[in-house]
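[1] mind folding the following:
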Amino acid sequence: MNAVFSNAGAEDNLNLPARHDGATEASQGSDAGPGNIDKIRDILFGSNMRDYEQRFARLEEALKKESSDLRETTRRHLEALEAFVHKELAALDVRLKTERDERSETSASLLKKIGELENHEAQAEREIRNDLLQQSKELTDAIRAKGEELIALLERRAQELQHAKTDRAALAGLFNEVALRLTDQFKVSGAD
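    Numbers count the residues shown, from 1 in each chain. Okay, here's the model as predicted:
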């Protein structure tokens, strides 16, 4: 005697064995053990759990890739910025040494020129600082944009998972009905 589910949606997702099979498995007692739980889990969830596991694995892989890409992009930008700073500092160092040599070789006639060079040097340093500040701002903006993209992706994936997950109340009702059926306590109205 097979009982009919009162939940119409459950018929599409579950292929439960006949009632007498469940009674037979229940009468086996502790011999069935964990295998029985695995069978029930497979019957209840079927391919849905595998689909969820695959979705989680794909989401985790996508997040790892996005994180790795962001890390790599940040590393490359920082290396480029560091190389630029080292190059500019080396150039400044060379220029400073050259100017010191010129000062030691000349006298008062060069003092005016040295003052002009110092002004030019200050202007160059200001420009370099401005360039460094601008590059730092661009890098910060790029990192922030990548972070926002990653957060948006996470939110989209979380919403997809929220829409796809099983309703807890329906699942609890289904478990309750299965438990009643297994203990032969479930009564279908009108089946008397």
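[2] just give me the residue right at the centre of the protein.
    For the chain, Leu63 is the residue whose C-alpha lies nearest the centre (C-alpha atoms, centre = their mean; 3.6 Å).
[3] and Arg58, how close does it get to Arg50?
    12 Å (C-beta to C-beta, to the nearest Å). Using the backbone N, CA and C atoms, a C-beta is placed for each residue, glycine as well.
[4] mutual contacts of the two, please.
    When contacts are counted by C-beta atoms under 8 Å, 6 or more residues apart in numbering, Arg58 and Arg50 have no shared neighbour.
[5] show me the helices in the protein, by range?
    8-13, 19-27, 33-45, 47-105, 108-164, 168-182 (DSSP state H).
[6] kindly reformat those helices as TSV containing mean pLDDT.
    Shown next, in TSV, are those (pLDDT from 0 to 100):
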stretch	mean pLDDT
helix 8-13	40
helix 19-27	42
helix 33-45	75
helix 47-105	88
helix 108-164	85
helix 168-182	82
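[7] for Leu59, give me its contacts.
    157, 161.
[8] swap that for Gly147, sorry
    Leu70.
[9] how close does the closest residue to Ile143 other than its chain neighbours sit to Asp38?
    The spatial neighbour of Ile143 that comes closest, neighbours along the chain excluded (C-beta to C-beta, 6 or more residues apart in numbering), is Thr74 at 5.9 Å. Distance from Thr74 to Asp38, counting by C-beta to C-beta: 45 Å.
[10] swap in Ser68?
    36 Å.
[11] same deal with Arg100?
    Note on Arg100: its distance to Asp38, by C-beta to C-beta, is 82 Å.
[12] do the same with Lys64
    Using C-beta to C-beta, Lys64 is found at 30 Å from Asp38.
[13] same check on Glu53?
    Taking C-beta to C-beta, one finds Glu53 at 15 Å from Asp38.
[14] next one: Glu79
    Between Glu79 and Asp38 the computed distance is 52 Å (C-beta to C-beta).
[15] and for Leu150?
    Counting by C-beta to C-beta - Leu150 and Asp38 are separated by 37 Å.
[16] these two: which is more packed in?
    Applying other C-beta atoms under 10 Å to Leu150 and Asp38 shows that Leu150 carries more neighbours, namely 15 against 11.
[17] the more buried one and Ser68 touch, don't they?
    No. In this structure Leu150 lies outside contact range of Ser68 using C-beta atoms under 8 Å: 11.3 Å.
[18] got the CA positions of stretch 73-84 in PDB?
    Extracted C-alpha coordinates of stretch 73-84, given in PDB (Å, rounded to 0.1, in the frame of the first residue of the first chain):
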ATOM      1  CA  THR A  73      47.200  43.000 -10.700                       C
ATOM      2  CA  THR A  74      48.000  44.700  -7.400                       C
ATOM      3  CA  ARG A  75      51.400  43.100  -7.200                       C
ATOM      4  CA  ARG A  76      52.200  44.200 -10.800                       C
ATOM      5  CA  HIS A  77      51.000  47.800 -10.100                       C
ATOM      6  CA  LEU A  78      53.100  47.900  -6.900                       C
ATOM      7  CA  GLU A  79      56.100  46.600  -8.700                       C
ATOM      8  CA  ALA A  80      55.700  49.100 -11.500                       C
ATOM      9  CA  LEU A  81      55.300  51.900  -8.900                       C
ATOM     10  CA  GLU A  82      58.300  50.700  -6.900                       C
ATOM     11  CA  ALA A  83      60.500  50.500 -10.100                       C
ATOM     12  CA  PHE A  84      59.400  54.000 -11.100                       C
END
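[19] sounds good, over and out.
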